[in-house]
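Chemist: here is my input, please return the structure:
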Amino acid sequence: MTAAAFAVRPGSSRQLAGTGTLLRFALRQDRVLIPVWGAVNALMVLSMPNTLKGLYATPVERADLVAQMATNSSLRAMVGPVFGASLGALTAWRVGVFAGALAAVMSLLVVVRHTRDEEESGRQELVASGMVGRRASLTAALLAAAVANGALGLLVVTGLAGQGAGGALAFGLGIAGVGMVFATMAAIVVQLTESARLARGLTAGVLGTAFVLRAAGDSATDDGSSVLTWLSPLGWLENLRPYAAERWWVLLLFAAAATAQAGVAYALTGRRDVGMSFLPTRPGPASGRLGSAAGLAWRLHRGSVLGWSIGFFLAGVVYGGMTQGAADLVGDNDNARRIIERMGGQAGLTDAFLSAMVGMLGLVAALYVVASVLRLHGEETSGRAEPLLANAVGRLRWAAGHLVIAFGGSVLIMLLAGLGFALGYGREAGPVLGACLVQVAGVWVIGGLAVLLHGIAPRTATAAWGVAGAVLLIGWVGPALDAPQAVLDLSPFGHLPKLPGGEMQWGPVVVLLLVAVVLVGAGLAGLRRRDMTT
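Modeler: Next up, the predicted model:
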């Protein structure tokens, strides 16, 4: 019997029965995910005023920065136009796009986890057989996303109030607004797709499209007035103009988009059975390339690998194209030069900037490898792995199919990023490709830790996201805050040579690779000995 048999009539108050209980359960499940993502995002925002004050200490220096940004289209494509010379306005300019994007990622993860993930695992059908309304799960998921975004917005408002209460309120509401737009977008996508993995991928693709539209619009104009910019929720955030004569009416765009998308999601969820979708997955063959564990793993991962590959190549092209513009912007600013050199090494400014950007993509690649490794965890907890392992497929062979794609895919996306850098900057590809490949050692250590957690303590496997988030925070914010070297060394990426431009040091790279091998080996040994979980 399906959940449709227990559905209540449309319009009945019982449609939302059990929402409170499901919300409490969702927040309990996300007691690590939401605080980690929120803390990383908030710390990135709140640390920026002091960083900018150290970089541009006087009003004259800040006014000069604003004037330079008006003529620097490559940097506008990355971070958007700047609308004021105050520390608050510069903070909104410098981190607004990235804070909005991180809020969007957090929101889509929360919504997909508590809707399509629950349906895919079969738990939702059990829940739906009780005194739970048809739309209670979706409502609880959206409320969990609202709690996460509300907490993030409150942290931003409180932390930036010293720069001006009005600007802080606008900025906090704008970031939360971006998060809710993508939360409701994810709520629609999970109705259309039959797979949580595909739902996350498609929503992330919409976010990537929003970033590209905003970047294209901002590179063409210096005041955010491009039609392309206005087509993107990230463009709405910058056009809200915190600390620069706020446009409060822009908040209505966030409210209207979130409300409309939530309405569509509610309409769709009332028209399908639990576990079904409006775009069902096309059945594939049970032979040929799917006749092996490796073939099945590739089938499950190929969409993710393709999406990350395209994204890293395009990111390399963008960052490569803005390299010269970044060098011009830094100019004689010793503080800005010191931060870039701390991130990218003591070589010339151009090589240091390239090295810093390569390092940033390495940090992001750690998210890819964690997501790919934890696909093993998802297959196991959903019950799909057990029937496979009941046949002639051993655990190590099953795991190896996923891990080859996870670790090999990280090599592929970094290579493509290197090609993008070379194409965008117009320099010889060899040094940049080498710099990108060096980052793989740090990526593999994070992936190895995810394998270890899944193998010996599967209930804590999702803590790998927290590790990746902490490493991301150290790499992005640590140099700007002039964090002690001991803190930077907590990240495996802090031990890698600064390439291109720096001297290649094989010792740290080999050590990190050996650490990754040991972690993976220990994780596989634990997987082989423990019981499978469901």
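Chemist: just checking, what packs against the top helix by length along the chain?
Modeler: The residue-count maximum for a helix in the chain (DSSP state H) belongs to helix 349-381. Applying 3 or more Cβ pairs under 8 Å, 6 or more residues apart in numbering; DSSP states H and E, one finds that helix 349-381 contacts helix 196-220, helix 293-321, helix 323-330, helix 334-344, helix 385-389, helix 395-425, helix 429-456, helix 463-477. The way it works is simple: take the backbone N, C-alpha and C, and place the C-beta from them, glycine included.
Chemist: could you rerun that using 6 Å?
Modeler: helix 323-330, helix 334-344, helix 395-425, helix 429-456, helix 463-477 (3 or more Cβ pairs under 6 Å, 6 or more residues apart in numbering; DSSP states H and E).
Chemist: what's the most buried one of these?
Modeler: Between these, helix 429-456 has the highest mean count of neighbours, a mean of 24, where neighbours are mean count of other Cβ atoms under 10 Å.
Chemist: rounded mean pLDDT for that helix, please.
Modeler: Mean per-residue pLDDT for helix 429-456: 91.
Chemist: which strands and helices lie in contact with it?
Modeler: helix 349-381, helix 395-425, helix 463-477, helix 506-529.
Chemist: low-confidence ranges in the stretch 401-534 of the chain?
Modeler: 477, 479-483, 534 (pLDDT under 70).
Chemist: err, the stretch 101-250 of the chain, not the other one
Modeler: For the stretch 101-250 of the chain, the stretches with pLDDT under 70 are 121, 124-125, 128-130, 133.
Chemist: follow-up on the earlier one: between helix 196-220 and the longest helix of the chain, find me the angle.
Modeler: Computed by axes from the mean of the first three to the mean of the last three Cα atoms, to 10 degrees, the angle separating helix 349-381 from helix 196-220 equals 160 degrees.
Chemist: so for helix 349-381, mean pLDDT?
Modeler: Summarised as a single mean, pLDDT over helix 349-381 is 84.
Chemist: about what we covered before: now the helices and strands packed on helix 349-381 as CSV including distance to Leu524?
Modeler: Below are the helices and strands packed on helix 349-381 laid out as CSV (distance: least, Cβ to Cβ, whole Å):
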stretch, distance to Leu524
helix 323-330, 41
helix 334-344, 34
helix 395-425, 6
helix 429-456, 6
helix 463-477, 15
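Chemist: ok, which of these comes nearest Trp93?
Modeler: helix 323-330 (12.7 Å; Cβ to Cβ).
Chemist: where does Ala57 land in three-state SS?
Modeler: Using DSSP: H, G, I helix; E, B strand; the rest coil, the secondary structure recorded for Ala57 is coil.
Chemist: measure how buried Thr209 is and give me the count.
Modeler: Close neighbours of Thr209, defined as other Cβ atoms under 10 Å, add up to 12.
Chemist: my bad, should have said Ala57
Modeler: Count around Ala57 with other Cβ under 10 Å applied: 11.
Chemist: one step back: closest one to Phe171 among the helices and strands packed on helix 429-456?
Modeler: Among these, helix 463-477 comes nearest to Phe171, with 17.6 Å by Cβ to Cβ.
Chemist: then the closest one to CSV, C-alphas only?
Modeler: Listed next in CSV are the C-alpha coordinates belonging to helix 463-477 (Å, rounded to 0.1, in the frame of the first residue of the first chain):
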residue,chain,number,x,y,z
ALA,A,463,31.3,14.7,10.0
ALA,A,464,33.6,14.7,6.9
TRP,A,465,31.6,17.7,5.7
GLY,A,466,32.6,19.5,8.9
VAL,A,467,36.3,18.7,8.3
ALA,A,468,36.0,19.9,4.7
GLY,A,469,34.3,23.1,5.9
ALA,A,470,36.9,23.7,8.5
VAL,A,471,39.7,23.3,6.0
LEU,A,472,37.8,25.7,3.6
LEU,A,473,37.6,28.2,6.4
ILE,A,474,41.3,28.0,7.3
GLY,A,475,42.3,28.4,3.6
TRP,A,476,40.0,31.3,2.8
VAL,A,477,39.9,33.3,5.9
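Chemist: and the next helix or strand past it?
Modeler: Next in sequence after helix 463-477, counting helices and strands by DSSP states H and E, comes helix 485-488.
Chemist: for Leu453, see how far away Asn72 is.
Modeler: From Asn72 across to Leu453, the span is 43 Å (Cβ to Cβ, to the nearest Å).
Chemist: nearest spatial neighbour of Val32, skipping sequence neighbours?
Modeler: Gly466 (5.9 Å; Cβ to Cβ, 6 or more residues apart in numbering).
Chemist: Leu16 versus that neighbour, what's the distance?
Modeler: Between Gly466 and Leu16 the computed distance is 32 Å (Cβ to Cβ).
Chemist: please apply the same query to Pro81.
Modeler: Counting by Cβ to Cβ - Pro81 and Leu16 are separated by 43 Å.
Chemist: ok, the two, which is more surrounded?
Modeler: Ranked by neighbour count (other Cβ under 10 Å), Pro81 and Leu16 place Pro81 first, with 25 against 18.
Chemist: ramachandran angles for the more buried one?
Modeler: Pro81 has phi and psi values of phi -80, psi 160 when expressed as degrees, to the nearest 10.
Chemist: thought it was touching Thr221?
Modeler: No. With contact defined as Cβ atoms under 6 Å, Pro81 does not reach Thr221; the gap is 7.5 Å.
Chemist: what's stretch 517-525 in contact with?
Modeler: Residues outside stretch 517-525 that contact it (Cβ atoms under 6 Å, 6 or more residues apart in numbering) are Leu396, Gly448, Leu449, Val451, Leu452, Gly455.
Chemist: max pairwise distance over these: which two?
Modeler: Leu396 and Leu449 (18.8 Å).
Chemist: which helix or strand contains the residue positioned nearest the centre of the chain?
Modeler: Closest to where the C-alpha atoms of the chain average out (Cα atoms, centre = their mean) is Val105, at 5.0 Å. Assessed by DSSP H and E, Val105 sits inside helix 87-113.
Chemist: against which helices or strands is that helix packed?
Modeler: helix 33-46, helix 48-55, helix 136-160, helix 165-192, helix 196-220, helix 233-239.
Chemist: let me have those in a markdown table, adding distance to Ala429 as columns.
Modeler: Supplementary listing: those in a markdown table, determined by distance: least, Cβ to Cβ, whole Å:
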| stretch | distance to Ala429 |
| --- | --- |
| helix 33-46 | 32 |
| helix 48-55 | 32 |
| helix 136-160 | 40 |
| helix 165-192 | 35 |
| helix 196-220 | 24 |
| helix 233-239 | 31 |
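Chemist: and of these, who's closest to Arg299?
Modeler: Checking these against Arg299 by Cβ to Cβ gives helix 196-220 as the closest, at 11.2 Å.
Chemist: which outside residues touch the next helix or strand after the closest one?
Modeler: Scanning forward in sequence from helix 196-220 by DSSP H and E, the next helix or strand is helix 227-230. Residues from elsewhere that reach helix 227-230 (Cβ under 6 Å, 6+ apart): Leu213, Arg214, Ala216, Gly217, Asp218, Gly235.
Chemist: again, only using 10 Å
Modeler: 80-81, 212-221, 223-224, 235-236, 238-239, 250, 253 (Cβ atoms under 10 Å, 6 or more residues apart in numbering).
Chemist: give me the buried subset of those.
Modeler: Burial by neighbour count, judged by 16 or more other Cβ atoms under 10 Å, picks out 80-81, 212-215, 217-219, 224, 235-236, 238-239, 250, 253 from the contacts of helix 227-230.
Chemist: for the nearest residue to Leu519 once chain neighbours are set aside, give me its contacts.
Modeler: Closest residue to Leu519 apart from its sequence neighbours, by Cβ to Cβ, 6+ apart: Gly448 at 3.0 Å. Residues near Gly448 by Cβ under 10 Å, 6+ apart: 369, 373, 403, 407, 492, 512-513, 515-523.
Chemist: and Leu152, how many residues sit next to it?
Modeler: Leu152, neighbours per other Cβ under 10 Å, totals 26.
Chemist: can you tell me how far it sits from Ala450?
Modeler: In terms of Cβ to Cβ, Leu152 sits 25 Å off from Ala450.
Chemist: which of the buried ones among the contacts of helix 227-230 sit farthest apart?
Modeler: Spatial extent of those (Cβ to Cβ) is set by the pair Ser219 and Leu253 at 21.9 Å.
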